[in-house]
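Asks: Dropping a prediction and its sequence here:
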Amino acid sequence: MNVRRSAAVLAATITVTVIAATPAVAAGPSPSPSAAIPTGLYGTSDPAYDGVWRQSLALLAQNAVGVEPADEAVTWLLGQQCADGAFAAFRANPAKACDAKVMVDTNSTAAAVQALANDSRGDAAVTKAVTWLKSVENPDGGWGYSPGGASDANSTSVVIGALADAGVTVPNLRKNGKSPYDALRKLALPCDAGTDAGAFAYQPDKKGKLVANADATAAAVLGLYGESLAGSPQDDAESPATCEKSGDDPEQPADNGAAWLAESMAKSGHLTTSLPGAKPQPDYGNTADAIVALSSLGLHDQAAKPLHWLETHSKSWAAQGGPAAYAQLVFVATTAKGADVHDFGGQNLVTLLNATGPAPKRIDEQPTAGPAEKTASDDNDGSLNVAWTVGGVLLVVAIAGSVLIARGRKRGQQQ
């Protein structure tokens, strides 16, 4: 998820391409490339606007592939926390107590919780951060980027993932009778919205209109299923995602969002982004997020073409984006059927991610591919992709008289 726009840019347009997934921050001067990089921090770019975010994604991705990060990497992240439990995008002097001038935010805090939830070294920090996140829940059940800010799909979703990872029963977390899921569903476009049917808006615009946004949609799909930024590998869904009226089904809006993402990528294999007067460009980060969202619902056939495109085209983007970009690709490779984190478009994502920070404490050997190992590839035109491989396997199984029991897309989530 590229939550992760400047507040000024978000107000004007939410279709800006970002090189790496970095949190939304107030607009400010361009960071200096010569700024000193703190010990333990991943990446080499100025961390002023994304230090906690990229560190959290790096640690979360390492956890997904059995890598125990260095003590100094975890210590750096823990040192960024304020006494009340919140995190800012970056604190240059963590020894100084947080005051009103420190711009804490829900995105950095939630990402840190997700990164630390499975690490005993972060237990106390997670408890404090969860308490703070609960304290800044909005009356509509959601969260904005800044405490008290209007709820948006991205912030609400990343907080849901954090709370779920921390063991909170999210549907029971209510303000004025509203749950976080209620806040997300309010941002969903209906199935009669034409080409935008099923998409999610970041927030209503000034006139209260919902405008489809790929970033928000990928985030909301994961959020409504209680998933973290990393998603989770799933068996094949029973059927492709289509937009249907939700009725009493609390998860249908997520499926509708997945259907919109799949349709948006069906022709080109990727999402695009554009600015007024500029030629549309491939949106690597949001394409990665969309694949994770589809794969986490078991929609592997609909994710197959985008997966092939990303494997083929993401090398330069990831190298420029650094740890957050490599983490996004790790999330793709560990959720998408046919992907391999050790051979993603010819790249070992584990090695590349680890190289952006301090040497890991331990690397466990464990399966690090998606739900099914890749058995064939075609890097020429994308026509022979994972979907064909999976289909061939299923055909053989059918001829042999076996029965494949597909796992349902609707996974049990308390509502």
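Replies: Looks like it came in fine.

Asks: All the strands of the stretch 301-415 of the chain, residue numbers only.
Replies: Secondary structure of the stretch 301-415 of the chain (DSSP state E, counting those that start in this stretch): strands at 362-363.

Asks: pLDDT below threshold where in the chain?
Replies: Where the chain drops to pLDDT under 70, the residues are 1-35, 365-415.

Asks: switch the cut-off to 50
Replies: Along the chain, segments meeting pLDDT under 50 span 1-22, 24-34, 373-415.

Asks: Would you map the strands across it?
Replies: 67-68, 87-88, 104-105, 272-273, 281-282, 362-363 (DSSP state E).

Asks: Looking at these, which one is packed in the most?
Replies: Sort the strands of the chain by mean neighbour count, taking mean count of other CB atoms under 10 Å, and strand 87-88 sits at the top with a mean of 26. The C-beta positions use only the backbone N, C-alpha and C, and glycine is treated the same way.

Asks: Can you give the contact residues for that one?
Replies: 52, 80-82, 98, 102-105, 108-109, 111-112, 129 (CB atoms under 8 Å, 6 or more residues apart in numbering).

Asks: of these, buried ones?
Replies: For the contacts of strand 87-88, a burial check counting by 16 or more other CB atoms under 10 Å picks out 52, 80-82, 98, 103-105, 108-109, 111-112, 129.

Asks: residues contacting the closest residue to Ala150 other than its chain neighbours?
Replies: Spatial nearest neighbour of Ala150, chain neighbours left out: Gly144 (5.1 Å); criterion: CB to CB, 6 or more residues apart in numbering. Gly144 sits next to Thr106, Asn138, Ala150, Ser151, Asp152, Ser155 when contact means CB under 8 Å, 6+ apart.

Asks: List only those of these flagged as buried.
Replies: Judged by 16+ other CB under 10 Å, buried ones among these: Thr106, Asn138, Ser151, Asp152, Ser155.

Asks: Help me confirm that the third one comes into contact with Arg185.
Replies: To tie it back to what came earlier, the one meant is Ser151. No. Counting by CB atoms under 8 Å, Ser151 does not reach Arg185; the two are 11.6 Å apart.

Asks: What's the local residue count around Asn118?
Replies: 14 (other CB atoms under 10 Å).

Asks: State whether it and Asp165 are indeed in contact, as I suppose.
Replies: Yes. Counting by CB under 8 Å, a contact exists between Asn118 and Asp165, whose distance comes to 7.5 Å.

Asks: ok, which pair from the contacts of Gly144 is furthest apart?
Replies: The distance between the two most remote of the contacts of Gly144 (CB to CB) is 12.0 Å, for Thr106 and Ala150.

Asks: rewinding a little: closest one to Ala333 among the strands of the chain?
Replies: Once the strands of the chain are compared by CB to CB, strand 67-68 is nearest, at 13.5 Å.

Asks: Which stretches in the stretch 101-250 of the chain count as helices?
Replies: In the stretch 101-250 of the chain, the helices defined using DSSP state H, counting those that start in this stretch lie at 106-116, 123-135, 153-165, 180-185, 214-224.

Asks: wait, which of these is closest to Val292?
Replies: helix 214-224 (7.1 Å).

Asks: Point out the other helices and strands that the closest one packs with.
Replies: Contacts defined by 3 or more CB pairs under 8 Å, 6 or more residues apart in numbering; DSSP states H and E place helix 214-224 against helix 153-165, helix 180-185, helix 252-265, helix 284-295.

Asks: how about a cut-off of 10 Å?
Replies: Secondary-structure packing of helix 214-224 (3 or more CB pairs under 10 Å, 6 or more residues apart in numbering; DSSP states H and E): helix 153-165, helix 180-185, helix 252-265, strand 272-273, helix 284-295.

Asks: Kind regards, and thank you for your time.
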